[in-house]
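S.K.: below is the sequence, then the predicted model.
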Amino acid sequence: MQRRLGRCAGGVVEGWPSVVHVDTSTQWRGGQVQLLLLARGMAARGAEVGVACPEGSPMWEALAAVPEVVRIAVPAGRSLRTPPILAGLPADLLAAHTSHAHELCAVLSRPLVVHRRVDFRPSGGWKYRRPQAFVAVSEAVARIVRQAGGREVHVVYDGVAPLPAAAPAPDGPTVLAVGARVPHKGHRYLAQACALLPGIDVGIAGEGPLLYPGPRWLDQRPDVPALLAAARVFVHPSVEEGMGQVVVEAMLAGVPVVCTDAGGLPEVVGDTGIVVPRADAGALARAILQVLAGEHPPVEAARQRAAARFSVQAMVEGSLRVYAAVAAAAGRG
């Protein structure tokens, strides 16, 4: 990474550190979406920012359209070649966005901020005492990080922009779930709920290895706005969930939400959605029927809550405040 302060859009704001974000994943999921929004937002505010990620990954390709953000190629996953690359960069601090990135950055002496998105309990130990600060996507995640030994844990909610308006998808289901087909998303319980919802079209959009009988499997869809426009209920059946960006998208789209009590989901919907116990197919089915009967909180209240609490601007500015505080405490300047 080369110093390019004079080329950052909007000019340089004194007191903001130069930051290299580290994402060792080759996937494109919620964490990568948030990192792209964060890097773009930081650059637009005049911060010097780079992203270290695997060359050819979805993140690498997405950043090609953001020339004000410096791309640094690092190997995917847990590679011992990554720390020397990061050590040679003239950044004031590193920001790790994956578990492997956390481990690889922790062996360096550079000030470190770790972004934590998941609510499963880590083993703790030195790895969690090493960073100067953590950024957690919900209070639920923050509690887990503190229990693992993390210090200076700050809650910065994901930033979610409203999806573009779209005509309803012709094949859109009445009841929609969106998420990777992996165990912690809880799709098995929504599939079990289908047996209690005869005649109701339940569809799940997402990629991954798991399939269960009952719902329609829509695979990865580029037209989520159109699916939301067709849906009468949005369901998020996770058993573990740091926050749930797609739930905010559904709220912004005006679709009534049913979600579980996993992780940060209750913080997201508050009293504007229906929250049921995780891993409970019967509770999911009853809540879906309740919404279809018109018995749910006003969707406008949900829309207003989502717009007020989960803006991209708030996410970028909250993250920048954490970075600036860590750099100042480390004696930058």
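M.R.: Ah, there it is. Numbers count the residues shown, from 1 in each chain.

S.K.: switch to C-alpha atoms for all contacts and neighbour counts from now on
M.R.: Noted.

S.K.: any idea how far the nearest residue to residue 187 once chain neighbours are set aside lies from residue 178?
M.R.: Leaving aside its chain neighbours, residue 187 sits nearest to residue 237 (6.3 Å; criterion: Cα to Cα, 6 or more residues apart in numbering). Computed as Cα to Cα, to the nearest Å, the residue 237 to residue 178 distance reads 10 Å.

S.K.: who's more crowded, the two?
M.R.: Ranked by neighbour count (other Cα atoms under 10 Å), residue 237 and residue 178 place residue 237 first, with 31 against 26.

S.K.: wait, that one sits on residue 277?
M.R.: No. Applying Cα atoms under 8 Å, one finds residue 237 not in contact with residue 277, separated by 9.2 Å.

S.K.: common neighbours of those two, please.
M.R.: Listed as contacting both residue 237 and residue 277 by Cα atoms under 8 Å, 6 or more residues apart in numbering are residue 260.

S.K.: which parts of the stretch 201-333 of the chain are helices?
M.R.: Chain-ordered helices for the stretch 201-333 of the chain, with DSSP state H, counting those that start in this stretch as the definition, fall at 224-230, 245-252, 265-269, 281-292, 299-309, 312-329.

S.K.: out of the ones you listed, which gets nearest to residue 258?
M.R.: Residue 258 lies closest to helix 281-292 among the helices of the stretch 201-333 of the chain, at 6.7 Å (Cα to Cα).

S.K.: in the closest one, what's buried?
M.R.: 281-285, 287-289, 291-292 (16 or more other Cα atoms under 10 Å).

S.K.: and what of stretch 158-174?
M.R.: Quick answer for stretch 158-174 (16+ other Cα under 10 Å): 158-162, 168-169, 172-174.

S.K.: one more: stretch 302-311?
M.R.: So for stretch 302-311, counting by 16+ other Cα under 10 Å, buried means 302-303, 305-307, 309-311.

S.K.: quick revisit: same list (the buried residues of helix 281-292) but as CSV, adding distance to residue 246 and pLDDT.
M.R.: Formatted as CSV, the buried residues of helix 281-292 follow (distance: Cα to Cα, whole Å; pLDDT from 0 to 100):
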residue, distance to residue 246, pLDDT
281, 21, 98
282, 23, 98
283, 21, 98
284, 18, 98
285, 20, 98
287, 19, 98
288, 18, 98
289, 21, 98
291, 18, 98
292, 20, 98
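
S.K.: which one of these sits closest to residue 272?
M.R.: residue 291 (12.2 Å).

S.K.: do I have it right that the closest one meets residue 233?
M.R.: Yes. At 6.8 Å, residue 291 counts as touching residue 233 under the criterion of Cα under 8 Å.

S.K.: picking up where we left off before, relative to residue 47, which of the helices of the stretch 201-333 of the chain is closest?
M.R.: helix 312-329 (8.9 Å).

S.K.: what packs against the closest one?
M.R.: helix 30-44, strand 133-136 (3 or more Cα pairs under 8 Å, 6 or more residues apart in numbering; DSSP states H and E).
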